[in-house]
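Undergrad: No letters, just coordinates:
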């Protein structure tokens with residue numbers, strides 16, 4: 001791995017506007033601030049539909065657990081969809097090399113491909129977060145990016161684009177015609193189409209750099225020259241404001257000291273950003289290869305997080321500049337029907353409530369008898385559930401988890417957790433979040449659970465300093481009736497673990513969530529079973545207390561000790577604005593996962609409150625915390 005370090009000598013910078021690398025080589029600042037009359041990095045006032053054409057690097061950049069771009073776009077009011085391998089007519093999503101952009105935007109099947117692209121509203125996976133409601137209409141912003149093999153360009157840095165037929169059209173990056181000149185020609189070709197669509201904003205994202213060992217000095221210099229041409233020359237004579245470039249390549253060629261530390265926010269380095277009120281495209285580090293290799297040329301999370309921090313304010317400015325010249329409007333269409341959940345009328349709910357009041361205390365009501373929960377403010381759908389981790393004691397206990405597309409409460413899948421715990425053993429399934437999550441817009445958590453065996457598990461939240469987080473826990477009795485049931489937990493129900501380190505948080509702080517997991521432990525007796533989890537969400541409003549618990553509270557005046565009983569009725573989830581929030585532009589990333597719902601009747605609470613069983617589980621829970629720490 002290539003580590004970049006530089007020394008910023010203030011006096012030299014002031015006098016010569018240059019910098020010194022550790023080997024003593026002077027590096028001239030390349031690029032300059034490009035100031036316009038009105039730089040506006042503010043997010044759009046209303047939701048704007050954006051689609052991103054990409055492959056694996058774009059997937060990592062979007063992912064909550066990696067680059068966090070999806071979160072930042074969500075928090076800046078963009079409704080994001082994407083394409084990946086296998087998408088679209090003729091599988092056009094497979095083809096995203098520079099030569100393929102002619103196929104997308106100028107080829108004989110262009111209209112077929114673009115009609116599908118402009119009307120696409122789905123995510124290719126739930127690894128990134130987005131606004132919960134589709135605002136309707138076509139995608140207004142089209143982002144497109146080629147992958148790092150496209151940074152291996154033949155020719156010379158100053159080669160001009162061809163004027164006639166271009167042999168790179170519809171060809172991949174491995175073709176011998178993949179050169180600086182022909183790549184320039186492709187972008188000139190597609191610019192002609194962009195000029196005919198003033199109702200769309202096209203964002204060309206440059207291909208990321210190759211790592212040392214996968215390229216050489218000459219090819220890396222060609223890539224640098226081509227991307228500088230895109231930023232500085234391609235649009236020089238273009239009279240409209242509906243096309244812009246983000247130099248992903250340049251951003252990924254300097255770091256903060258190693259591949260796991262970025263230099264976002266630093267004055268020196270290689271950047272494409274808004275800086276001191278100007279759009280800045282600058283290079284102070286003479287390096288044309290990846291500064292963030294992750295075993296290959298895929299950038300590390302640190303590199304992608306730097307790109308997120310620099311790109312999103314630029315995107316806002318590009319959008320505001322485009323809107324300022326009043327592009328032709330696209331007639332909106334009605335939002336998808338599924339975005340308007342069917343909720344029973346007040347009269348129907350009151351009638352059902354009256355019937356329930358007359359019914360016996362114990363009921364075998366099925367989910368169909370309940371008011372459907374409104375699923376908004378979703379944290380994790382568990383449609384993929386591939387970024388959480390399972391672990392166990394290594395002494396015979398086992399925990400395995402995988403996505404289940406057959407037993408599902410909502411969406412395309414749930415997570416199925418199979419556990420078998422030996423006496424005095426432990427198992428764990430959970431995830432750490434980067435960056436820190438702010439869940440304070442909700443009053444608590446909602447999840448849907450389903451279990452095959454009657455047993456107890458512990459839901460754990462970790463909050464505070466990511467390096468020394470404080471564990472909070474709540475015990476859950478699983479009824480084992482193999483039916484979905486909703487569980488809701490107010491923040492106050494999570495009690496600081498007795499085994500937590502000295503210091504840290506005294507109470508659960510939903511503005512500082514860094515991890516969530518399920519702990520399976522036992523003392524003396526083995527336990528085994530299957531737990532499904534789906535639709536982990538934030539909830540707003542009052543969180544209902546089970547009837548049995550409310551009666552006990554009236555009879556015995558004591559400090560509330562809330563057990564995680566199933567909710568008597570599905571609880572309304574948070575409004576869209578209550579989704580987990582990130583800084584508008586985060587320099588870190590986040591990973592999320594889905595919850596589970598159940599319709600079983602509430603289980604009787606043990607005497608003394610729901611947290612009493614934790615005394616016997618202290619060992620397993622401590623080990624679960626060790627697992628969580630290791631995940632980080």
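TA: Sure thing, it's come through. Being a predicted model, the structure only gives us computed values, none of them experimental.
Undergrad: CA atoms for contacts and neighbours, from now on please.
TA: Will do.
Undergrad: Run through the chain and note the low-pLDDT ranges.
TA: Low-confidence segments of the chain, defined by pLDDT under 70, are located at 1-37, 326-378, 383-387, 411, 540-632.
Undergrad: where does residue 181 land in three-state SS?
TA: helix (DSSP: H, G, I helix; E, B strand; the rest coil).
Undergrad: Pull the contacting residues for it.
TA: Listed by Cα atoms under 8 Å, 6 or more residues apart in numbering, the contact set of residue 181 reads 155, 159-162.
Undergrad: With residue 56 instead?
TA: When contacts are counted by Cα under 8 Å, 6+ apart, residue 56 touches residue 147.
Undergrad: and the end-to-end length of stretch 186-200?
TA: From its first residue to its last, stretch 186-200 covers 19 Å (Cα to Cα, to the nearest Å).
Undergrad: Relative to the whole chain's centre, how far out is the longest helix seen in the chain?
TA: When the chain is parsed with DSSP state H, its longest helix is helix 301-324. The chain centre lies 16 Å from the centre of helix 301-324; the measure is Cα atoms, centre = their mean, to the nearest Å.
Undergrad: same thing with stretch 501-516?
TA: Centre-to-centre, stretch 501-516 and its host chain are 22 Å apart (Cα atoms, centre = their mean).
Undergrad: Next: stretch 487-495.
TA: Relative to its chain's centre, stretch 487-495 lies at 25 Å (Cα atoms, centre = their mean).
Undergrad: Can you list the buried residues in that stretch?
TA: Neighbour-count burial for stretch 487-495 flags 487-491, 493-495 (criterion: 16 or more other Cα atoms under 10 Å).
Undergrad: before we move on, what about stretch 275-289?
TA: Residues 275, 278-289 are the ones in stretch 275-289 that count as buried (16+ other Cα under 10 Å).
Undergrad: farthest-separated two in those?
TA: The largest separation in the buried residues of stretch 275-289, counting by Cα to Cα, is between 278 and 289 at 26.2 Å.
Undergrad: quick one on the thing from earlier: looking at the buried residues of stretch 487-495, which are in helices?
TA: Per DSSP H, those never map to helices.
Undergrad: show me where the stretch 201-350 of the chain has strands.
TA: Secondary structure of the stretch 201-350 of the chain (DSSP state E, counting those that start in this stretch): strands at 201-205, 243-246, 270-275, 278-283.
Undergrad: Buried residues, the third one. List them.
TA: Right, the one you point to is strand 270-275. The neighbour-count check on strand 270-275 (16+ other Cα under 10 Å) flags 270-275 as buried.
Undergrad: The helix or strand that contains residue 529 packs against which elements?
TA: Per DSSP states H and E, residue 529 falls inside strand 527-539. Applying 3 or more Cα pairs under 8 Å, 6 or more residues apart in numbering; DSSP states H and E, we find strand 527-539 packed against strand 378-380, strand 414-421, strand 444-451.
Undergrad: got the angle between that strand and strand 414-421?
TA: 140 degrees (axes from the mean of the first three to the mean of the last three Cα atoms, to 10 degrees).
Undergrad: ok and strand 527-539 relative to strand 444-451, angle-wise?
TA: Counting by the same axes, to 10 degrees, strand 527-539 lies at 150 degrees to strand 444-451.
Undergrad: Over to residue 80. Which of the three states is it?
TA: strand.
Undergrad: how close does it get to residue 534?
TA: Taken as Cα to Cα, the span from residue 80 to residue 534 is 22 Å.
Undergrad: Looking at those two, which is more packed in?
TA: residue 534 (32 against 26; other Cα atoms under 10 Å).
Undergrad: Could you tell me how far the more buried one is located from residue 409?
TA: 6 Å.
Undergrad: Can you pick out the most distant pair from the contacts of residue 181?
TA: Greatest spacing in the contacts of residue 181, by Cα to Cα: 155 and 162 (12.6 Å).
Undergrad: residues in contact with residue 106?
TA: Residue 106 is in contact with 189-190, 193, counting by Cα under 8 Å, 6+ apart.
Undergrad: from these, which would you call buried?
TA: For the contacts of residue 106, a burial check counting by 16+ other Cα under 10 Å picks out 189-190.
Undergrad: ok, the contacts of residue 106 vs residue 429, which is closest?
TA: Nearest to residue 429 among the contacts of residue 106: residue 190, at 47.9 Å, using Cα to Cα.
Undergrad: Confirm for me that the closest one is in contact with residue 101.
TA: Yes: counting by Cα atoms under 8 Å, residue 101 is a contact partner of residue 190 at 7.3 Å.
Undergrad: What's the separation between residue 78 and residue 69?
TA: Remark: distance between residue 78 and residue 69 (Cα to Cα) = 11 Å.
Undergrad: quick one: which of those two has more around it?
TA: Each of residue 78 and residue 69 has its neighbours counted (other Cα under 10 Å); residue 69 has more, 33 against 24.
Undergrad: Could I get the phi/psi values of the more buried one?
TA: In terms of degrees, to the nearest 10, the main-chain angles of residue 69 are phi -70, psi -40.
Undergrad: count of residues packed around the nearest residue to it once chain neighbours are set aside?
TA: Sequence neighbours aside, residue 62 is the residue nearest to residue 69 in space, at 4.4 Å (criterion: Cα to Cα, 6 or more residues apart in numbering). With neighbours defined by other Cα under 10 Å, the count for residue 62 comes to 28.
Undergrad: which ones are touching residue 62?
TA: Here residue 62 is in contact with 68-71, 127-128 (criterion: Cα under 8 Å, 6+ apart).
Undergrad: that older thread, which strands and helices sit next to the longest helix of the chain?
TA: For helix 301-324, the packing partners by 3+ Cα pairs under 8 Å, 6+ apart come out as helix 56-62, helix 69-75, helix 248-251, strand 270-275.
Undergrad: in that helix, what counts as buried?
TA: Neighbour-count burial for helix 301-324 [16+ other Cα under 10 Å]: 301-323.
Undergrad: Give me the angle between it and strand 270-275.
TA: Helix 301-324 runs at 50 degrees relative to strand 270-275, counting by the same axes, to 10 degrees.
Undergrad: neighbours around residue 241, how many?
TA: By the criterion of other Cα under 10 Å, residue 241 has 20 neighbours.
Undergrad: For the nearest residue to it once chain neighbours are set aside, list the residues it contacts.
TA: Ranked by Cα to Cα, 6+ apart and with sequence neighbours excluded, the top spatial neighbour of residue 241 is residue 322, at 5.1 Å. Applying Cα under 8 Å, 6+ apart to residue 322 gives the contacts 201, 241-242.
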